[in-house]
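>>> Quick one, what's the 3D model for this:
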Amino acid sequence: MTKKSKSKPMTQILERLCKFEYITVVIMGEDVILNEPVENWPPCDCLISFHSKGFPLDKAVAYAKLCKPFLINDLDMQYYIQDRREVYRILQEEGIDLPRYAVLNRDPDRPEECNLVEGEDHVEVNGAVFPKPFVEKPVSAEDHNVYIYYPTSAGGGSQRLFRKIGSRSSVYSPESSVRKTGSYIYEEFMPTDGTDVKVYTVGPDYAHAEARKSPALDGKVERDSEGKEIRYPVMLTAMEKLVARKVCVAFKQTVCGFDLLRANGHSFVCDVNGFSFVKNSMKYYDDCAKILGNIIMRELAPQFHIPWSIPTEAEDIPIVPTTSGTMMELRCVIAVIRHGDRTPKQKMKMEVKHLRFFELFEKYDGYKTGKLKLKKPEQLQEVLDIARQLVVELGTHSDCEIEEQKSKLEQLKSVLEMYGHFSGINRKVQLTYLPHGHPKAASEDEARREPSPSLLLVLKWGGELTPAGRVQAEELGRAFRCMYPGGQGDYAGFPGCGLLRLHSTYRHDLKIYASDEGRVQMTAAAFAKGLLALEGELTPILVQMVKSANMNGLLDSDSDSLSSCQHRVKARLHEIMQKDAEFCEEDYEKVKHLHGLGGPSCKVCWCVSSSFVSFRTALVKTAGYLQLYHSETLELMLQRWSKLERDFRMKNGRYDISKIPDIYDCIKYDVQHNCTLKLEGTAELFRLSKALADVIIPQEYGINKEEKLEIAIGFCLPLIKKIQLDLQRTHEDESVNKLHPLYSRGVLSPGRHVRTRLYFTSESHVHSLLSIFRYGGLLDVSNKDQQWKRAMDYLSAISELNYMTQIVIMLYEDNNKDPSSEERFHVELHFSPGVKGCEEDRNVPMGFGFRPASAEVNQGSLEDLSKEKGMDEPDRARQRSPQPSEPVGIQRRSPLIRNRKTGFEGCSMVPTIYPLETLHNSLSLRQVNEFLTAVCRSCSESHVQSTAGTGEMGSSLGRAEQSQSKQLRTFGLLHCGDRLSNKQSLIPVPGCSSPTVSCGIQLRAILGHTTEGRVVGLVCLLLVSTVMWIQTPAWEI
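Coordinates of the predicted model:
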């Protein structure tokens, strides 16, 4: 028992509970509990006691009757928790779903409950038949020897579960017969796809949920690099939130853990554990202590006539300051974010006509769409086998039918052979069907062939998220908390916990989407880790929280299939940039940032080519062992630079300007991460390539406004529709985030929640979305809107949308306005150009800041913040630095002009990322909705047909969201206001027969508002027994 009372979770929570100034915590020793009569136990006003094996529950009950303390966990109900039969009975009485089960009582006094008939592939228990697989559980909750029996068709035998021993939690046994002694519960086996969900409540209004690999899967406990069992964060559904409250109330256990099985679209409770704590979660320790402290104060202060009142729940309705200076309710946050820092992307194209490539194309149904993407290990292995075969044939036959160049085949082979295995998402092959072959580029010096079908093979590799990129994303996630209620103050010693409180109390509706690129998905996972104070590896977060499958073009685009407009733009840009004369005034008007070249583009390209030579020569001369970033070898570094040098200067002597972005990408990477090399020509190559990239990259998405819009809509039409849907559905107050009226007593805002939609994507989508806002007609610069004019000037001066670029839309509701008023809903548009450049750019334009001016003279400097926090370091409650009156890291002035301020080292901000700047802060929702509708309608009929179905977003976006998309045409503020003014119409009346319309739980957050209890002489005796040891996670939700 002492081991449990001194465990890390208990110690962490008790230490925090002691911070209530007038609460004294006393831990009763094991000797007193076992050997002293209850009359000798010291008296207390509040008792926390929980049963486990060896604990004298009878004595604890007697003590409670003697002293009559306030009980955190009811003691009498703990007798029922020890018996699985009673647990199932109570769950049934509460209407909570259970697996189908029957009880076999081998009790001589109840022979009618001991009828067992065993067949080869089934058992019959008291008339109920259970085909294999089925589960056999001892009726005693203390007995963890649970068996699962398999059918003969699957090989028979049984899986035997037990308490974890080392890294094992179950073993397989060939024994197929059920146990013949003892009483058991037999229940239907639920297919859960190999995961179990663990839910931990702290009072009826708070729950923490996670998933782990099911011990029935293979019996091997998955552990991370630190030896901890891997847990996955879980988002509870509406029904699961209601179940969490029901379990806590029904069993009268304030601190209570229970198990959920998710199977066949439903959730079933299969066990209730009673008193259970989460391990290795600082945020959970903070939450738990504050809830328990509030419960104790609320209950006992009136009894002692103490002048203490329940802390006001100022954040029950998420009121926050807007950038216009008024206070409104935050309703929705939509952010489109570019991925973090990555390794250089590399690409190789080749036309292939060999039969084996066509067979591979047909095998994976490439002819259905004319395109095929190969990423799976077995698919890449097939491509490698073909490449190996063709390389051999080229070496043995001088007149071979295959026409692929040997150098490209060898490059294809060598890239696919890198690392010795196919793991992660770091290589992919794309095949596109060309019915008339591929026209030869100007740089290729071969005779034109007869038109015949071929395949364009595009090999992509590199582009992996770097450790720096993970840190950027995680730290930005932490900083994003500060936009939510409570982000301005200090809660539990680190900023932004208003969001965490919203999330843990079911009032945060969060969905995270990412494109199918590995770097984008890992960025989304790292961001989620920082946003929600999760702990541990990124892979489990990615699996459980990031939606990236079946997006139907929402965030992905085929960059190798250019539209006709993009072809025209690239041709014109190529023509302009090949000039060997000074640019004329017309050129400067057409193409932005040309003045940065300082001369004819051809001359600049020649200088780049010359810099290539000196840079590569210096690289070759580098001798000895080199410690390159991200485990890159000198050979690989030389390969990528040699390839760029060959591709940039074509055989006809001209320059391929399409390689400029790749050149800038590579030199930027080496300047930032391999700066210790100090190679000759590095600075000059960086300067020249950046000047060219600042011209070429933005213009690839259109030179004039019409082109920019046409290309942008081609990339972003599905995303624009989804954003419009997100804004509209915020007013629907969907049931998944509301509290059922039967349980809303005492909750000030049961129907209120904040909706967050995060979209992680690549550079093309960010450029395109920004073009739509700039050129799509949201506001007219000539209509005397000076704020928008300044914003357009600011955006025009931005030369690069770097990693972690953010476009953020925030929707507020002013509850003081009439529901039908256009002023009821308020939209703000914010932007950040992302990561700062390798060298401080003095030409970065002055921003306008994010928050209105405050009384505070000094503003914190991002550079003051800690730069040493690792990407896996969790938030720590011991960080107690004072917080600014404004949200951390969201500056109201240019990021380049800041005063010094101490006391910021505990805040989570990103020293290398520019803060958000406000583009406009007085838009109406009707205005934004009409703008988005107009953008969608402006798309040509042919484009609408080509993207049919993408507006529905696929099943992964949820059926409810699909059904709502039809209402976009009738959307209006009066319609929304009517719904908001009649909340009852959104909440089903008690007794409604349809479980699918039951409202989710919107629970009151009692965390973070504690004023330390002024309870004179109040003593809280903590009677701590052993706990049923449940492995708990390092994840937060």
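
>>> When you work out contacts or count neighbours from here on, use the C-alpha atoms and nothing else.
OK.

>>> Who's the closest spatial neighbour of Gln78, skipping the chain neighbours?
His51 (6.7 Å; CA to CA, 6 or more residues apart in numbering).

>>> how much space is there between that neighbour and Val269?
Distance of His51 to Val269, computed by CA to CA, to the nearest Å: 21 Å.

>>> what's near enough to touch the closest residue to Tyr149 other than its chain neighbours?
Nearest residue to Tyr149, sequence neighbours excluded (CA to CA, 6+ apart): Ser158, at 4.3 Å. Counting by CA atoms under 8 Å, 6 or more residues apart in numbering, Ser158 touches 147-150, 172-176.

>>> Hmm, Phe251 is touching Leu75, no?
No - contact criterion CA atoms under 8 Å: Phe251 and Leu75 do not qualify, at 9.9 Å.

>>> pretty sure Cys288 is touching Ile13, no?
Yes - between Cys288 and Ile13 there is a contact at 6.9 Å, judged by CA under 8 Å.

>>> more neighbours, these two?
Set Cys288 next to Ile13 and count neighbours by other CA atoms under 10 Å: Cys288 wins out with 26 against 20.

>>> so which strand or helix has the more buried one?
Applying DSSP states H and E as the criterion places Cys288 in helix 282-300.

>>> helices or strands next to that helix in the packing?
Where contact means 3 or more CA pairs under 8 Å, 6 or more residues apart in numbering; DSSP states H and E, helix 282-300 is packed against helix 8-17, strand 195-202.

>>> and with 7 Å instead?
helix 8-17 (3 or more CA pairs under 7 Å, 6 or more residues apart in numbering; DSSP states H and E).

>>> before we move on, the earlier item: quickly list what the residue nearest to Tyr149 is bridged to.
Counting by DSSP bridges, Ser158 forms beta bridges with Tyr149, Ser173.

>>> and it, how far is that from Asn145?
12 Å.

>>> What residues sit buried inside stretch 31-45?
Buried residues in stretch 31-45, counting neighbours by 16 or more other CA atoms under 10 Å, are found at 33, 38, 43-45.

>>> If you drop the residues flanking it in sequence, what lies closest to Arg168?
Nearest in space to Arg168, with sequence neighbours left out and distances taken as CA to CA, 6+ apart, is Lys220 at 4.9 Å.

>>> what about the one you found, neighbour count?
If you count neighbours by other CA under 10 Å, Lys220 ends up with 17.

>>> surely it meets Ser167?
Yes - judged on CA atoms under 7 Å, Lys220 makes contact with Ser167 at a distance of 5.8 Å.

>>> what about the strands in the stretch 151-300 of the chain?
158-165, 168-173, 184-188, 195-202, 207-213, 231-233, 255-263, 266-274 (DSSP state E, counting those that start in this stretch).

>>> Residues contacting the one helix or strand Ile711 maps to, please?
According to DSSP H and E, Ile711 maps onto helix 705-729. Helix 705-729 is contacted from outside by 553-555, 557, 565-566, 701-702, 765, 768-769, 771-772, 775-776, 929, 932, 936, 950-951, 965, using CA atoms under 7 Å, 6 or more residues apart in numbering.

>>> Tell me which other helices or strands the next helix or strand after that helix touches.
Downstream of helix 705-729, the next assigned helix or strand under DSSP H and E is strand 754-761. Packed against strand 754-761 by the contact rule (3+ CA pairs under 7 Å, 6+ apart) you find strand 327-338, strand 508-514, helix 518-531.

>>> ranking those by burial, who's on top?
Among the helices and strands packed on strand 754-761, the stretch with the highest mean neighbour count (mean count of other CA atoms under 10 Å) is helix 518-531, at a mean of 28.

>>> what helices or strands is that helix leaning on?
Counting by 3+ CA pairs under 7 Å, 6+ apart, helix 518-531 packs on helix 467-480, strand 508-514, helix 538-545, strand 754-761.

>>> how deep is Leu455 tucked in, by neighbour count?
Per other CA under 10 Å, the neighbour tally for Leu455 reads 24.

>>> tell me the contacts of it?
Leu455 sits in contact with 351-353, 431-434, where contact means CA under 7 Å, 6+ apart.

>>> Could you dump those into CSV and include neighbour count, distance to Glu417 and pLDDT?
CSV is the format used below for the contacts of Leu455 (neighbours: other CA atoms under 10 Å; distance: CA to CA, whole Å; pLDDT from 0 to 100):
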residue, neighbour count, distance to Glu417, pLDDT
Glu351, 21, 21, 89
Val352, 22, 20, 90
Lys353, 18, 22, 88
Leu431, 25, 19, 94
Thr432, 21, 23, 93
Tyr433, 20, 25, 93
Leu434, 17, 27, 91
